[in-house]
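Q: Dropping the sequence and predicted coords here.
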Amino acid sequence: MNSKILSILLIICSAALIAGFFIFTPTYIQSNGDVKHFSDNDMSFDIPNTWTVYEYDDPTKTPFLSSRPSSLIVEPASKSTYSYYDGNISELEQDGVLNTSATSATDVAIVTCEITKMDSLPEGVTLDNAYQSDSIYGIMESSGKFNLDSATVIQVDGKDARQFVYTVSYTKYKDTWINADGHYYRILCQAPTTFFDDAGSVFDNIINTMKLK
(Lines give C-alpha, C1' and ligand atoms only; values in the text may rest on other atoms or scores of the structure.)
Protein backbone atom coordinates (compact mmCIF):
# COMPACT_ATOMS: atom_id res chain seq x y z
CA MET A 1 0.00 0.00 0.00
CA ASN A 2 2.78 2.41 0.97
CA SER A 3 4.67 1.62 -2.22
CA LYS A 4 1.59 2.45 -4.31
CA ILE A 5 1.13 5.77 -2.52
CA LEU A 6 4.83 6.53 -2.97
CA SER A 7 4.58 5.73 -6.71
CA ILE A 8 1.58 8.02 -7.09
CA LEU A 9 3.36 10.82 -5.22
CA LEU A 10 6.43 10.40 -7.43
CA ILE A 11 4.29 10.60 -10.57
CA ILE A 12 2.54 13.73 -9.28
CA CYS A 13 5.84 15.36 -8.35
CA SER A 14 7.36 14.49 -11.72
CA ALA A 15 4.37 15.91 -13.55
CA ALA A 16 4.52 19.07 -11.44
CA LEU A 17 8.24 19.50 -12.12
CA ILE A 18 7.78 19.05 -15.86
CA ALA A 19 4.83 21.46 -15.92
CA GLY A 20 6.79 23.99 -13.88
CA PHE A 21 9.75 23.66 -16.23
CA PHE A 22 7.63 24.75 -19.19
CA ILE A 23 5.56 27.30 -17.28
CA PHE A 24 8.58 29.21 -15.99
CA THR A 25 10.68 28.99 -19.14
CA PRO A 26 11.28 32.37 -20.85
CA THR A 27 8.83 33.47 -23.53
CA TYR A 28 10.78 34.97 -26.39
CA ILE A 29 7.92 35.92 -28.71
CA GLN A 30 4.80 37.88 -27.86
CA SER A 31 2.00 38.22 -30.42
CA ASN A 32 -0.04 41.39 -30.68
CA GLY A 33 -2.48 41.29 -33.57
CA ASP A 34 -0.54 41.38 -36.84
CA VAL A 35 2.82 41.83 -35.09
CA LYS A 36 5.16 39.51 -33.22
CA HIS A 37 7.69 40.99 -30.79
CA PHE A 38 10.88 38.96 -30.26
CA SER A 39 13.07 39.63 -27.23
CA ASP A 40 16.09 37.80 -25.80
CA ASN A 41 18.80 38.99 -23.39
CA ASP A 42 20.67 40.90 -26.11
CA MET A 43 18.08 42.36 -28.47
CA SER A 44 14.47 42.80 -29.48
CA PHE A 45 12.66 43.51 -32.76
CA ASP A 46 9.28 43.17 -34.46
CA ILE A 47 8.15 40.94 -37.33
CA PRO A 48 4.77 40.25 -38.97
CA ASN A 49 2.77 37.41 -37.43
CA THR A 50 3.24 35.51 -40.70
CA TRP A 51 6.98 35.29 -40.00
CA THR A 52 8.88 33.35 -37.37
CA VAL A 53 12.17 33.33 -35.49
CA TYR A 54 13.38 29.79 -36.15
CA GLU A 55 12.62 27.46 -33.21
CA TYR A 56 11.93 30.35 -30.81
CA ASP A 57 8.29 30.19 -31.89
CA ASP A 58 8.01 26.57 -30.69
CA PRO A 59 7.08 26.35 -26.97
CA THR A 60 8.32 22.74 -26.79
CA LYS A 61 11.81 23.89 -27.82
CA THR A 62 12.20 27.27 -26.12
CA PRO A 63 13.10 25.77 -22.70
CA PHE A 64 16.22 24.31 -24.30
CA LEU A 65 17.25 27.32 -26.39
CA SER A 66 19.84 29.92 -25.46
CA SER A 67 18.71 33.33 -24.22
CA ARG A 68 21.89 34.71 -25.85
CA PRO A 69 22.14 32.85 -29.17
CA SER A 70 25.04 33.66 -31.47
CA SER A 71 22.68 33.74 -34.44
CA LEU A 72 18.97 33.84 -35.25
CA ILE A 73 17.11 32.93 -38.42
CA VAL A 74 14.06 35.07 -39.20
CA GLU A 75 11.91 33.83 -42.07
CA PRO A 76 8.32 33.40 -43.30
CA ALA A 77 6.46 30.81 -41.25
CA SER A 78 5.25 29.15 -44.45
CA LYS A 79 7.84 28.02 -46.98
CA SER A 80 5.40 28.84 -49.76
CA THR A 81 4.92 32.51 -48.82
CA TYR A 82 7.21 33.57 -51.66
CA SER A 83 6.76 31.22 -54.58
CA TYR A 84 7.25 31.32 -58.33
CA TYR A 85 4.31 28.94 -58.77
CA ASP A 86 1.58 30.75 -60.73
CA GLY A 87 -1.30 28.46 -59.81
CA ASN A 88 -3.07 27.90 -56.50
CA ILE A 89 -0.32 27.22 -53.98
CA SER A 90 -2.81 25.62 -51.57
CA GLU A 91 -3.22 22.81 -54.10
CA LEU A 92 0.43 21.95 -53.63
CA GLU A 93 0.37 21.72 -49.85
CA GLN A 94 -0.84 18.97 -47.59
CA ASP A 95 -0.42 19.22 -43.81
CA GLY A 96 1.89 22.17 -44.34
CA VAL A 97 4.35 20.21 -46.49
CA LEU A 98 5.05 21.40 -50.00
CA ASN A 99 4.24 18.72 -52.55
CA THR A 100 7.50 18.64 -54.51
CA SER A 101 6.10 16.10 -56.92
CA ALA A 102 3.90 18.89 -58.31
CA THR A 103 6.51 21.62 -58.14
CA SER A 104 10.26 21.88 -57.63
CA ALA A 105 12.61 23.43 -55.10
CA THR A 106 13.22 26.34 -57.46
CA ASP A 107 9.53 27.29 -57.22
CA VAL A 108 9.98 28.24 -53.57
CA ALA A 109 12.04 31.39 -53.10
CA ILE A 110 14.59 31.71 -50.30
CA VAL A 111 13.61 34.80 -48.31
CA THR A 112 15.30 35.10 -44.93
CA CYS A 113 17.25 37.23 -42.45
CA GLU A 114 20.13 35.95 -40.34
CA ILE A 115 21.06 38.01 -37.30
CA THR A 116 24.56 37.29 -36.04
CA LYS A 117 26.24 38.53 -32.87
CA MET A 118 30.02 38.76 -32.66
CA ASP A 119 32.61 40.15 -30.28
CA SER A 120 34.77 41.65 -33.01
CA LEU A 121 34.97 42.14 -36.75
CA PRO A 122 37.13 39.78 -38.82
CA GLU A 123 40.77 40.77 -39.06
CA GLY A 124 41.36 43.64 -41.48
CA VAL A 125 37.65 44.46 -41.74
CA THR A 126 35.97 47.72 -40.68
CA LEU A 127 32.33 48.77 -40.72
CA ASP A 128 32.99 50.59 -43.99
CA ASN A 129 33.88 47.42 -45.89
CA ALA A 130 32.26 44.77 -43.67
CA TYR A 131 30.32 43.21 -46.55
CA GLN A 132 33.61 42.09 -48.09
CA SER A 133 34.15 39.63 -45.23
CA ASP A 134 31.34 37.43 -46.54
CA SER A 135 32.45 34.35 -48.47
CA ILE A 136 29.99 35.17 -51.23
CA TYR A 137 31.93 38.37 -51.96
CA GLY A 138 35.22 36.54 -52.45
CA ILE A 139 33.60 33.98 -54.72
CA MET A 140 31.41 36.27 -56.80
CA GLU A 141 33.33 39.55 -56.99
CA SER A 142 36.05 38.10 -59.18
CA SER A 143 33.47 36.53 -61.47
CA GLY A 144 31.72 39.83 -62.09
CA LYS A 145 28.45 38.57 -60.57
CA PHE A 146 28.71 40.81 -57.49
CA ASN A 147 27.29 44.30 -57.76
CA LEU A 148 27.34 46.75 -54.83
CA ASP A 149 24.16 48.80 -55.28
CA SER A 150 24.58 51.11 -52.28
CA ALA A 151 26.60 51.67 -49.11
CA THR A 152 24.99 53.88 -46.49
CA VAL A 153 25.96 55.24 -43.08
CA ILE A 154 22.97 54.78 -40.77
CA GLN A 155 22.12 54.40 -37.10
CA VAL A 156 20.32 51.44 -35.58
CA ASP A 157 18.93 52.03 -32.09
CA GLY A 158 21.16 55.11 -31.88
CA LYS A 159 24.29 53.11 -32.69
CA ASP A 160 26.76 53.52 -35.54
CA ALA A 161 25.95 51.20 -38.43
CA ARG A 162 26.57 50.57 -42.12
CA GLN A 163 24.05 49.20 -44.57
CA PHE A 164 25.07 47.60 -47.85
CA VAL A 165 22.70 46.55 -50.59
CA TYR A 166 24.19 44.27 -53.21
CA THR A 167 23.04 41.95 -55.96
CA VAL A 168 24.60 38.59 -56.71
CA SER A 169 23.18 37.04 -59.88
CA TYR A 170 19.41 36.94 -59.24
CA THR A 171 19.53 37.42 -55.47
CA LYS A 172 19.54 40.77 -53.66
CA TYR A 173 20.95 41.29 -50.16
CA LYS A 174 20.46 43.97 -47.50
CA ASP A 175 23.48 43.61 -45.24
CA THR A 176 23.48 45.75 -42.07
CA TRP A 177 26.39 45.88 -39.61
CA ILE A 178 26.04 47.57 -36.21
CA ASN A 179 28.71 48.66 -33.74
CA ALA A 180 27.08 48.22 -30.32
CA ASP A 181 29.52 49.38 -27.65
CA GLY A 182 32.40 47.30 -28.96
CA HIS A 183 30.26 44.34 -29.95
CA TYR A 184 28.92 43.83 -33.46
CA TYR A 185 25.63 42.69 -34.91
CA ARG A 186 25.01 41.73 -38.50
CA ILE A 187 21.52 41.59 -40.03
CA LEU A 188 21.85 39.83 -43.38
CA CYS A 189 18.57 39.75 -45.31
CA GLN A 190 18.14 38.19 -48.72
CA ALA A 191 15.49 37.60 -51.35
CA PRO A 192 15.42 36.93 -55.08
CA THR A 193 15.26 40.23 -56.96
CA THR A 194 11.69 39.33 -57.97
CA PHE A 195 10.54 39.37 -54.34
CA PHE A 196 12.96 41.84 -52.79
CA ASP A 197 10.65 44.87 -52.84
CA ASP A 198 7.83 42.85 -51.29
CA ALA A 199 10.03 41.36 -48.55
CA GLY A 200 11.91 44.62 -48.09
CA SER A 201 9.24 46.08 -45.80
CA VAL A 202 9.80 43.19 -43.38
CA PHE A 203 13.58 43.59 -43.62
CA ASP A 204 13.30 47.32 -42.88
CA ASN A 205 10.93 46.72 -39.98
CA ILE A 206 13.36 44.32 -38.31
CA ILE A 207 16.14 46.92 -38.62
CA ASN A 208 14.01 49.92 -37.64
CA THR A 209 12.54 48.22 -34.54
CA MET A 210 15.84 46.66 -33.42
CA LYS A 211 16.73 47.45 -29.82
CA LEU A 212 20.10 46.36 -28.46
CA LYS A 213 20.28 45.80 -24.70
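A: Looks like it came in fine.
Q: Which strand residues bridge the residue nearest the centre of the chain?
A: Ranked by distance to the mean C-alpha position of the chain (C-alpha atoms, centre = their mean), the top residue is Val74 at 1.8 Å. Beta bridges link Val74 to Val53, Cys113 when assigned by DSSP bridges.
Q: Tell me how many other residues surround Gly200.
A: A count of neighbours around Gly200, defined by other C-beta atoms under 10 Å, yields 15. Glycine gets a C-beta too; all of them are placed from N, C-alpha and C.
Q: which SSE is the residue nearest to it when sequence neighbours are not counted in?
A: Here the nearest residue to Gly200 in space, its sequence neighbours aside, is Lys174; by C-beta to C-beta, 6 or more residues apart in numbering that works out to 7.2 Å. Secondary structure here is read from DSSP states H and E; on that basis Lys174 sits in strand 171-180.
Q: Partner strands of that strand, with direction?
A: Here strand 171-180 is paired, per DSSP bridges, with strand 159-168 (antiparallel), strand 183-192 (antiparallel).
Q: and Ser66, which of those is closest to it?
A: Comparison of these against Ser66 by C-beta to C-beta identifies strand 183-192 as nearest, at 15.7 Å.
Q: Which residues outside that closest one are in contact with it?
A: Strand 183-192 is touched from outside by 43, 82, 109-121, 130, 134, 156, 170-178, 198-200, 203, 206-207, 210, 212, with contacts defined as C-beta atoms under 8 Å, 6 or more residues apart in numbering.
Q: still on that earlier bit, wait, which of the strands paired with strand 171-180 is closest to Thr52?
A: In terms of C-beta to C-beta, the element of these nearest to Thr52 is strand 183-192, at 14.8 Å.
Q: helices or strands up against the helix or strand following that closest one?
A: Stepping forward along the backbone from strand 183-192, the first helix or strand reached (DSSP H and E) is helix 193-208. Counting contacts by 3 or more C-beta pairs under 8 Å, 6 or more residues apart in numbering; DSSP states H and E, the secondary-structure elements packed against helix 193-208 are strand 43-48, strand 112-118, strand 171-180, strand 183-192.
Q: Report the distance from the last one to the chain centre.
A: This points to strand 183-192. Remark: strand 183-192 is offset 9 Å from the chain centroid, using C-alpha atoms, centre = their mean, to the nearest Å.
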